[in-house]
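Enquirer: Give the three-dimensional model of this entry:
(chains A, B and C)
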Amino acid sequence: MKLFSLSKNERIKEKKNIQNLIQDGSSVFSSKNSLKAIYLIKDSNEPGVKIAVGISRKAGKAVWRNRIKRLIKNAYRINKIPLVNSAKENKKQILILFTSSGYNELRNKKLDYREITEEVKSVLDKIERKVSGRLK
RNA sequence: UAGACAAACCGGGCAAUUGCUUUCCGAUAAAAACGGAAAGAGGAAAGUCCGAACUUCAUAGAACAGGGUGCCGGAUAACAUCCGGGUGUUCCGAUAAUUCGGAACAACUGACAGUGCCACAGAAAAUAUACCGCCUCGACUUUGUCGGGGUAAGGGUGAAAAGGCGAGGUAAGAGCUCACCGCUUCGACAGCAAUGUCGGAGGCAUGGCAAACCACACCCGAAGCAAGGUCAAGUAUAAAGGUCGUUUCUCUUUUGAGAAGCAGAGUUGUUCGCUCGAAUGAUUCCUGAUUGGAAUCGCGAUCUUUGGGUAGACCGCUGGAUCCGAACAGUAAUGCUCGGGCAAGAUAAAUAAUUGCCAUCCCAAUAAACAUUGUUGGGAGAACAGAAUUCGGCUUACAGGUUUGUUCUUAUC
RNA sequence: GCGGCAGUAAUUCAGUGGUAGAAUGCCAGCUUCCCAAGCUGGACGUCGCGGGUUCAAGUCCCGUCUGCCGCU
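Expert: From the prediction side, this is the model:
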């Protein structure tokens, strides 16, 4: 198992999962409110974390949308280890869907990787605290 | 030389680390995970504006409706594309010129098949008509007024006024007559043709708008890979068949409610225990009658078989009107022959991120200096934009760069 | 990926090729002790943008931009 990988098993592929997530999941905003994450925590025999990234068509053009998705995925796979460990300890399966709430192409034509990393980190931190029960 | 314009081409490179998708190998019965190797966005992948391939539907053929195209010839699988030619319009330059040269653009068939429109102004906007004017005749109250007739040369209106201009002619005028120009038409010649040149005739008759309806000629069946095909989970569900069941009590006017409980299900493989716990009955027959039993239909459970087919998987899916090079044919578009190459195939959707260096660009300082070049320091390191069945075009977006050509006009030497 | 619709005043919409309109809103005046209502008047337009056809284009044709809807 590679440390920083993000293979097919760690991404949400099924339509049903995503619909469940949108219906039943709760949401969390990043520290600067530029990202929004919908997440769902449930007990499972196969503990782990699965993610998806969804960017609205209205946010920007195809090149821009692809780029922000890649940056978010990249930031996640670098910083995922604490959350994954916590999920395994507590025997939970976590589904996360990242979306853009503050970002769009008009305002953020050039995307800065470091800024997005900080945003993703803040989201993961909040969810991790929920999982381990340190946050009420 | 720079600039401008046109055409063609490129549109970042190298290294390290961390990752993604596909294929192959380790490699097996198969899958997952792991390791290794190879490959992995564009000139517009975009807009979806045209044209095709392909697939399904429909299909005996044709027409109508509807849509598209519209100078001529060629290229092509096809096209609204491309190439060559003609004609016209506009602009620029030269010129004595109506001539010559260059560039750009053109939906560039038909207005005597028909219907329609042409605001305002104007007498009149299409069967010509007579407001002012010009000429003439008559009457009267005679420097004038009224009435009849001739007249499209002049005025005024308009985007547009019934060939233009000059001469003859006339009461005044009029292609009424003539020359030149334009137009229509006939013949000869050149050209495959559009058309052009020359000669003759007509005597001007048919103002504009078909990107108004329309007519004529030619073309088009419809939908689109979310097309379509194969496999196919489900206590999702249709049909057929087999087996078992369709019970008891209490309350309520009824609908119904509650309890027990059979089949069955769940609970660790089995047993016990525990939990949950389906259904609607109707008709006929056997029997003296009740109980009970049987048959048919309905209902419920369960098993088997079959069907369509959702989720999903696979095929379609990338080797093709293909790409590169050379020779030949052709003015060219392009064709043809030979040689070589195989180069994305994702599906909540891969092709990336970070760091360093470089090409390149900007700013400052400094040395030489006509433009400009070298050195040092700092900054940026980019534009438009992301395959989605596949091709041929068109259109639109685009930082910077390379090559070739043109330059009457710009600047510098 | 494919198909369709719309763009006109601040807003919602009309508008046969011939001087761009209505309602609401806005501003001013009248009315009222004041406000509202009412009455009178006024301002407000790159007809999304760029070409073309025409004497003349919001309207016809071509291109382009933006917004919206549908197909699963």
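
Enquirer: how about the residues of chain A near RNA strand B?
Expert: A:1-9, A:11-16, A:18-19, A:52-54, A:61-63, A:66-67, A:69-71, A:74, A:77-78, A:113 (CB under 7 Å from any atom of the strand). (C-beta placed from N, C-alpha, C; glycine too.)

Enquirer: Just the ones in helices from these, please.
Expert: Counting by DSSP state H, the members of the residues of chain A next to RNA strand B that fall within helices are A:15-16, A:18-19, A:62-63, A:66-67, A:69-71, A:74, A:77-78, A:113.

Enquirer: For those residues, which two are the farthest from each other?
Expert: Put simply, by CB to CB the two of these set farthest apart are A:K16 and A:Y113, 32.7 Å from each other.

Enquirer: And the ones in helices among the residues of chain A next to RNA strand B, which of them are buried?
Expert: A:18, A:69, A:71, A:74, A:77 (16 or more other CB atoms under 10 Å).

Enquirer: Tell me which residues touch the third one, please.
Expert: With CB atoms under 8 Å, 6 or more residues apart in numbering as the criterion, the residues that contact A:L71 are A:111, A:113, A:116.

Enquirer: Spatially, what comes nearest to it if we skip its sequence neighbours?
Expert: Leaving aside its sequence neighbours, A:L71 sits nearest to A:I116 (CB to CB, 6 or more residues apart in numbering; 4.9 Å).

Enquirer: From the rest of the structure, what touches the strand or helix carrying the one you found?
Expert: Secondary structure from DSSP states H and E places A:I116 in helix A:113-132. Helix A:113-132 has contacts (CB under 8 Å, 6+ apart) with A:28-32, A:34-35, A:37, A:39, A:41, A:68, A:71-72, A:74-76, A:78-80, A:82-83, A:86-87, A:89-90, A:92, A:94, A:96, A:98, A:135.

Enquirer: buried residues in that helix?
Expert: Buried, per 16+ other CB under 10 Å, within helix A:113-132: A:116-128, A:130-132.

Enquirer: what's the pLDDT at A:M1?
Expert: pLDDT for A:M1: 45.

Enquirer: swap in A:N90?
Expert: pLDDT, A:N90: 79.

Enquirer: Please consider this matter closed, and thank you.
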